[in-house]
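J.: no sequence on this one, just coordinates:
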């Protein structure tokens with residue numbers, strides 16, 4: 001489920017299998033469901049049993065995939081950077097049809113994921129224009145003359161660590 005989101009019908013079949021596990025069958029027919037799945041998937045303190053909704057799991061895995069791509073050096077990340085981000089920062093890269101399924105999937109989710117990522121300056125490896133290190137969004141969104149080829153790092157503006 002972390003590579004791509006399953007179709008809604010697949011999620012429906014998975015929910016049905018989970019419901020059969022919880023409630024089971026009685027003489028060739030399903031047992032009565034005493035609580036709805038939405039109620040059961042609430043946290044314990046809200047009256048549920050703490051089972052997460054499959055839709056929520058899929059959503060979290062989508063954003064985790066983008067986070068891993070942006071923060072870790074993985075083989076898949078290296079391949080995608082080499083293929084799609086040679087001349088542009090991943091945030092600046094536009095979504096185009098005809099690209100690989102995994103890149104299309106990640107590109108569709110990057111806008112929502114990037115809005116939640118806040119970068120710390122630390123060593124200054126973050127992108128000056130494309131990473132949200134001020135907490136107000138990337139600086140490139142406030143300027144019209146910045147091109148996607150600009151890969152300036154914050155460290156180029158630091159003098160003596162300040």
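T.: Received the coordinates, thanks. Model, not experiment: these values are computed from the prediction.

J.: what's the spacing between the residue positioned nearest the centre of the chain and residue 105?
T.: For the chain, residue 63 is the residue whose C-alpha lies nearest the centre (C-alpha atoms, centre = their mean; 1.1 Å). Summarising the geometry, the distance separating residue 63 from residue 105, computed by C-beta to C-beta, to the nearest Å, is 12 Å. Bear in mind the C-beta positions are built from the backbone N, C-alpha and C, glycine included.

J.: mind checking how far residue 46 is from residue 57?
T.: Taking C-beta to C-beta, one finds residue 46 at 18 Å from residue 57.

J.: go on, residue 134?
T.: Noted for residue 134: a distance of 32 Å to residue 57, by C-beta to C-beta.

J.: Looking at residue 46 and residue 57, which one has more neighbours?
T.: Neighbours per residue, other C-beta atoms under 10 Å: of residue 46 and residue 57, the larger number sits with residue 57, 14 against 9.

J.: mind checking which helix or strand that one is in?
T.: Per DSSP states H and E, residue 57 falls inside helix 54-71.

J.: For that helix, buried residues please.
T.: By 16 or more other C-beta atoms under 10 Å, the buried positions in helix 54-71 come out as 54, 62-63, 65-66, 69-70.

J.: Tell me which residues are up against it.
T.: Residues external to helix 54-71 that are found in contact with it (C-beta atoms under 8 Å, 6 or more residues apart in numbering): 1-3, 5-6, 11, 14-15, 74, 76-77, 80, 90, 105-106, 109-110, 112-114, 116-117.

J.: Quick check: which ranges of this structure have low pLDDT?
T.: Counting by pLDDT under 70, the chain shows low-confidence ranges at 1-4, 122-124, 146, 148-150, 161-162.

J.: Go again with 90.
T.: Under the criterion pLDDT under 90, the flagged ranges of the chain are 1-8, 10-44, 46-63, 66-67, 69-73, 81, 83-162.
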